[in-house]
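>>> turn this into a structure:
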Amino acid sequence: MSLRPETIRHVNALVADAQSAGHVPSLVVGVVRDGALAHLAGAGDHPRPEVDLQYRIGSITKTMTAVLIMQERDAGRLALDDPLRRHLPEAEAAGPITLRQLLGHAGGLQREPDGPWWERSEGVDLATLLADFGTPKVALPAYRTHHYSNLAFGLLGGALQRVTGTGWAQLVRERILAPLGMHRTTYAAAAPFAPGYVVHPWHDTLREEPRTDTGAMAPAGQLWSTVADLSRWAAFLADPDPAVLAPATLDEMCAPVFLSDLDSWRGGYGLGIQLTRQGDRVYVGHGGSMPGHVAVLAVHRSSRTGLVGFANSYGFRTGGISPLGLQALNLVLDAEPAPARPWRPADAPPPADVAALTGRWWWMGTALDVTWDHSTADLVGTLRDDRVSRYHAEGPDRWRGHSGPETGEILRVHRDLAGHPIALDIATFLFTRTPDDTP
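Here you go, the predicted structure:
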């Protein structure tokens, strides 16, 4: 779905202003809608932004590491509540800290591994990373407060290696990048790529930063990607390919594990996924930074709209790339809300026993309107306060809620001796055909 010319003009202006005011050598933003790149906005010429030009994505890498963990969970080879030490016995000092806590940055681990700044240094192997692990690494009690930890994701990558017998780089390439066609997302830079810079604060010269192999810390932030490729990842976070990850599992990843902003509830983490609330919208994704590079990925799942962005300087003079990305995404959604799905008539009525369930039911003076969705074969129950639940058939007169407030609950149909439905029992709340609750 392409954007309207006026929306494009506003996004282009926003990006151009950010590049100019921020003194950014190269800045690029891509808007994603309905699974495809809808618009590319770039500014700067050092180098000139292109759809296939690589930048470092930094901690956006963590979202892919998290998907690998969830694949292993779904396959039954690990559990989210496993202690880390079950898979990495050398990490005994982590005590009862679980994989779930590490994914949600709620394990209390310190932010970085010991030694020189890992992002700017050549990395060590897993054995060396684990040899340095001890009780000083546990900075806070688990679940006491949010504490972002790169170290946690290095250790999660190590757990993956132990569980699968395969290195993290090979896993992410074979299980995520290749199936999704992300062939320009690589472990090391592959030309054409944007060198990363630090811009001198007083005379605007550029200092190029090293392009490091971070070794055992790679699962926390190693990858390079392009607007074209990261747009595919944004589309996946909006609507996942079941061959890579079950949609229900991605829904689980996008549910809050911990709120990082307890005062206003504007930010938090799911399972490896950063959550940001802007007004009534919640965005999923992640920010990223590595020496000389910053990146942003934000997705509004319900409208299948997302934004990806890169810059090849370590920070902006004004703001940053994550605020810029959210501003651009809000702009697009405000200007062009997702269109409603077209209504289409049913080809045939539902089966007679299902048709008899439709209409208005009552509980304690509260109305429940039951309709039939012919496209999904769902019963749809709408309360007068517009709360909507959807039910799949599980057997004769038995339906299971799979969406809305009654998710997981059972709807049972009560019938009279003649077989006519006289009540709907939803989690013990009995709805009848009359407002005075009599069958």
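
>>> what ranges do the strands span in the stretch 1-150 of the chain?
27-33, 36-43, 55-56 (DSSP state E, counting those that start in this stretch).

>>> any idea how far the lengthiest helix in the chain is from the middle of the chain?
Identified as the longest helix of the chain according to DSSP state H is helix 5-22. Taking CA atoms, centre = their mean, to the nearest Å, one finds helix 5-22 lying 26 Å from the centre of the chain it belongs to.

>>> over to stretch 123-137?
Relative to its chain's centre, stretch 123-137 lies at 28 Å (CA atoms, centre = their mean).

>>> what of stretch 48-55?
Worked out by CA atoms, centre = their mean, stretch 48-55 lies 23 Å from the chain centre.

>>> got the buried residues for that stretch?
The neighbour-count check on stretch 48-55 (16 or more other CB atoms under 10 Å) flags 49-50, 53-55 as buried. Quick note: C-beta positions are derived from backbone N, CA and C, even for glycine.

>>> next one: stretch 316-326
316, 320-322, 324-326.

>>> what's the most buried one of the strands of the stretch 1-150 of the chain?
Stretch with highest mean neighbour count among the strands of the stretch 1-150 of the chain: strand 55-56 (a mean of 29; mean count of other CB atoms under 10 Å).

>>> pLDDT value on Arg111, please?
pLDDT recorded at Arg111 is 87.

>>> nearest to Thr382, of the strands of the stretch 1-150 of the chain?
Ranking the strands of the stretch 1-150 of the chain by proximity to Thr382 (CB to CB) places strand 27-33 first, at 28.6 Å.

>>> name the helices or strands packed onto that closest one?
Using 3 or more CB pairs under 8 Å, 6 or more residues apart in numbering; DSSP states H and E as the contact test, the elements touching strand 27-33 are helix 5-22, strand 36-43, helix 227-238, strand 305-311, helix 321-335.

>>> any idea which of these is most buried?
Ranked by mean neighbours (mean count of other CB under 10 Å), these are led by strand 305-311, with a mean of 30.

>>> so where do the helices sit in the stretch 1-150 of the chain?
Secondary structure of the stretch 1-150 of the chain (DSSP state H, counting those that start in this stretch): helices at 5-22, 61-74, 84-87, 99-103, 126-131, 150-164.

>>> now the stretch 251-400 of the chain
321-335, 352-355.

>>> out of these, which is closest to Arg77?
Closest approach to Arg77 among these (CB to CB): helix 321-335, 34.0 Å.

>>> C-alpha coordinates for stretch 147-157, CSV please?
What follows is stretch 147-157, C-alpha atoms only, in CSV (Å, rounded to 0.1, in the frame of the first residue of the first chain):
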residue,chain,number,x,y,z
HIS,A,147,17.5,-3.4,34.3
TYR,A,148,18.5,-3.6,30.7
SER,A,149,21.3,-6.1,30.1
ASN,A,150,23.3,-6.8,27.0
LEU,A,151,25.1,-9.5,29.0
ALA,A,152,21.8,-11.4,29.3
PHE,A,153,21.5,-11.8,25.6
GLY,A,154,25.1,-12.9,25.2
LEU,A,155,24.2,-15.7,27.7
LEU,A,156,20.9,-16.5,25.9
GLY,A,157,22.9,-17.0,22.7
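
>>> give me the domain ranges for the protein.
For the chain, the structural domains run 5-335, 352-432, going by automatic domain parsing.

>>> now, of the ones you listed, which is deepest in the fold?
Among the domains of the chain, domain 5-335 has the highest mean neighbour count (mean count of other CB under 10 Å), at a mean of 19.

>>> what distance separates the start and the end of that one?
Using CA to CA, to the nearest Å, one end of domain 5-335 lies 11 Å from the other.

>>> again, but for stretch 91-99
12 Å.

>>> put together a markdown table for the helices of the stretch 1-150 of the chain, with distance to Asp213 and mean pLDDT on each row.
Formatted as a markdown table, the helices of the stretch 1-150 of the chain follow (distance: least, CB to CB, whole Å; pLDDT from 0 to 100):
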| stretch | distance to Asp213 | mean pLDDT |
| --- | --- | --- |
| helix 5-22 | 29 | 96 |
| helix 61-74 | 13 | 98 |
| helix 84-87 | 24 | 96 |
| helix 99-103 | 23 | 95 |
| helix 126-131 | 14 | 90 |
| helix 150-164 | 13 | 96 |
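
>>> let's have these in JSON lines, adding distance to Ala235.
Formatted as JSON lines, the helices of the stretch 1-150 of the chain follow (distance: least, CB to CB, whole Å):
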{"stretch": "helix 5-22", "distance to Ala235": "18"}
{"stretch": "helix 61-74", "distance to Ala235": "13"}
{"stretch": "helix 84-87", "distance to Ala235": "31"}
{"stretch": "helix 99-103", "distance to Ala235": "22"}
{"stretch": "helix 126-131", "distance to Ala235": "32"}
{"stretch": "helix 150-164", "distance to Ala235": "23"}
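
>>> nearest to His392, out of these?
Between His392 and these, the tightest spacing by CB to CB is seen for helix 61-74, at 20.3 Å.

>>> all set, thanks.
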